[in-house]
Every structure is written in structure tokens, then in C-alpha cells.
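Asks: sequence first, predicted coordinates after that:
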Amino acid sequence: MEKFNPLYKKLDQEPNVGIIFSRMSNLFWILLVYIGALIVQNIQQSTIIPSIIFSLILAIHSVLYFFSSSFKQKKSWYYFFAQASLLFISAFILPKGSPIVLIGLLPVLIAQSIIILNNKLKAIIFFIVSYGLYCIAMAINYGASELPIFIPIFFVILLIVIVYTVSYNRQVRARERMEFYLQQLEIAYQKVEELTLSNERQRMARDLHDTLAQGLAGLIMQLEAVSVHIKSGNVARSNEIIHYSMQQARETLKDARTVIDNLRTGSLKDADFHRAVLEEIKKFEEISGVHVEKEINQVYPLSNLSMEYCIYIIRESLNNIMKHSRADQVRIKIKSKDDQLYIEVTDNGIGFSTKNIGKQTGKYGLIGLQERVRLVGGKISIDSIPGEGTVLVITVPMDQGG
């Protein structure tokens, strides 16, 4: 997330800096208008009291302008009425300097109304009223004959100010949109990070289930078998099972270490899918004593992740049969067809109701199957009826890398 923060902070600060810079520039412009109006008014005759009053009026005008953003949309009319009133009052206090005041500040106020009011009709109304008062003020101070001179000047200044203001406002809006999009991107990034952590937890849960849980479950069943044989006096068979249990414990430990290594490095070792499937079937037959009828064809190409997950799926299917089904006939068919890997596991056990999948606490085998199939882009079908056995069918894309 750090890689987004510098750009986000930069854009988060730019609009505020830009707005402050714009306000300071306009305040500097107001100062220039103020100085120019005083010079024009007092160049022939000094007017101290009107100049002081004019100074107070422009000071109030400047303060209102600086805090113009604090006026809400519904109260913005009060702001523009007050500002326009101050400008026209100052125009009559300093009649000689009125052209500088009105031509210099009134267009700025009109451009500001376009942005703040954000309504064409309201902005047009304010322009018409301001323009009418401007013509009246010029006619009173300089005579109606001088209007053809002041009107073009006013329009030129107004056009320049409006173009600049609208252009700057678009830039500010674009930056605000960029800021919003970055905020949304940051939120999305946080959600992706949360989902990644959640998926990693699920992966670890599946790996633990496929190694430690299944390995320990097999050891428990073997030890239970040893107990039965000891009670019946079959010491030789007990020793065989104990020897195999030790071997199974070592393999479980090896698998657990492999899972830890994969979690640390994220790498997948190359595997011989056909040989790995035969080893899983051999383990199942040695532990359960149930013969597996198999039809396994060589399948190419298959990614390492797909091979690993499919081996886990077959292992989990056989473990479920051994622990729950009470089956004495098992059949596995593996083949490739139409760029799909086809796996079918069938047993003649007691079956179960597929409606209960995922509803029993502590029973996560079938959920793990469904998750792994989904992660390699495959499909799974579980067809089981109580008392009539179970058929598990899985299809996985041959070129799917997870």
C-alpha cells in the first residue's frame, strides 16, 4: 500500500495549495486595484475621509472573499449581494477611481458567481444585475456619453477573468476527482489485501488437512487395527501394521515439512502425476484392505499446481471412503478428453445426503475438495444416495495453472 501513498498525499495537498494560491493572487489583485483607485482619486485633490472609508470597505471585501468557501450553497446569495453592494458603494465614495474598482473587481465577482452558484440561470441573473448597476454607476460618475468607452473595457476584462477562472476550476475539479479515485483505489487495495490473507488462511487450512489431519487419521486407524490384532493374538500382523505405521508417520512428517517449505518459498516441486496417483491408491489398499479397480491413462500437459491439487483431491476422496463409506469396492478412472482432465471415483458404500455438505462442524473434507477444484478452474459433481454408494466426478482444464 505504501506505493500508493506518496502520489495520494501529493494529490491530497495540491488542491488546497492551489486554492490558497488563487486566493492570495486575487487578494494581491484587490490590493493593486485599491492602490490604483486611490491614486486616480487623489491625483488632483486629496480626499482623506473618503479614502479611509474606501479602505475599510475593500478590507471587508477582502475578508469576505477569503472566507467565501464557508458560505453554503443556499446562503451564497447573501455573499454576492454584500460584495456587490460594497463595490458599488465604494464606486460612489471614490467617483474618479470607480472605473478601476468596478472594472477591476466586478468581473472577478461575476466569475466567482459562476463557480459558487454552479447554476447558469443564477449566474446570468447576477451578471445582468451587476452589469446594469455598472452602467448606472459609470453614467452617474462620468456621464452617459462615456459609456461606449467603459462598456467594451468591462467586457474584455470580464471575458479574460471568466476564461481563466473556468479553466482553473476545471483543473481543481480534475484533481479532486483524481483524489477521489485514489481514495477508492486505496480502499480496493485494502480489500484485495484482506482477501489475499483470507485465501492464504484457507490454503493453509487445506494443506494442514491434507497432510497432518489425514496422516494422523490414518495412524489412528492403524493403531486401532493393531489393538484389535493384539487382542486376538495375531502378533505378526500387529508388527506389520506397526512397521507400516512408522513409515506412514515419517511420510506424514515429510509432507508437513514440504507444505511448510512451499508456504515459505511459494515454489512447487515437479511431480509424476501417474506415479503419485498409484502411490495414493497403494496406501489406501494397504490401510483399508480394499482393492481399487483402476483405469489411469497418462495425461499431458498438466501444470504443477493442477497436479498437486488433483493428487490431494484423489487422496481426500480415498480417505473419505476409508473413514466413512464402509465400501468394499472402489473404482478410479482418470483420463483426458477435449483438453479436460477427467477424474471419477466410485464406491459402493453407505452413501450420504449431499444436502449436508458443509453443515457438519469438523467435517471439512468435501469442502476442501470443492475449494481445490475451484482454484484450478475445474468442476466437481458429487452424486450420492444413502445406502447406494457415491460417485465423485471432477473435470480440470489441462492447461490450467491455478
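Replies: Sure thing, it's come through.

Asks: following the helix or strand that contains L182, which helix or strand shows up next?
Replies: Here L182, judged by DSSP states H and E, is contained in helix 147-208. As assigned by DSSP H and E, the chain's next helix or strand after helix 147-208 is helix 214-231.

Asks: residues making contact with that next one?
Replies: Helix 214-231 is contacted from outside by 235, 237-238, 241-242, 244-245, 248-249, 251-252, 255-256, 283, 287, 315-316, 319, 322-323, using Cβ atoms under 8 Å, 6 or more residues apart in numbering. C-beta: built from backbone N, CA, C; applies to glycine.

Asks: any of those residues buried? List them.
Replies: Those of the contacts of helix 214-231 that meet the buried threshold are 238, 241-242, 244-245, 248, 252, 255-256, 283, 287, 315-316, 319, 322, by 16 or more other Cβ atoms under 10 Å.

Asks: can you list the low-confidence ranges for the stretch 101-250 of the chain?
Replies: Within the stretch 101-250 of the chain, the segments meeting pLDDT under 70 span 161, 164-165, 168-169, 172, 193-194, 196-215.

Asks: what residues does the spatially closest residue to L318 that is not a sequence neighbour make contact with?
Replies: Spatial nearest neighbour of L318, chain neighbours left out: F284 (4.3 Å); criterion: Cβ to Cβ, 6 or more residues apart in numbering. Applying Cβ under 8 Å, 6+ apart to F284 gives the contacts V290, V292, L318, N319, I321, M322, V330.

Asks: where do the helices of this protein begin and end?
Replies: Taking DSSP state H to define them, one finds helices in the chain at 5-42, 48-66, 76-93, 98-117, 120-142, 147-208, 214-231, 235-265, 273-288, 304-320, 365-375.

Asks: is it possible to get JSON lines of the ones you listed that adds distance to V393?
Replies: Below are the helices of the chain laid out as JSON lines (distance: least, Cβ to Cβ, whole Å):
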{"stretch": "helix 5-42", "distance to V393": "49"}
{"stretch": "helix 48-66", "distance to V393": "74"}
{"stretch": "helix 76-93", "distance to V393": "69"}
{"stretch": "helix 98-117", "distance to V393": "66"}
{"stretch": "helix 120-142", "distance to V393": "66"}
{"stretch": "helix 147-208", "distance to V393": "20"}
{"stretch": "helix 214-231", "distance to V393": "22"}
{"stretch": "helix 235-265", "distance to V393": "26"}
{"stretch": "helix 273-288", "distance to V393": "16"}
{"stretch": "helix 304-320", "distance to V393": "11"}
{"stretch": "helix 365-375", "distance to V393": "10"}
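
Asks: perfect, that will be all.
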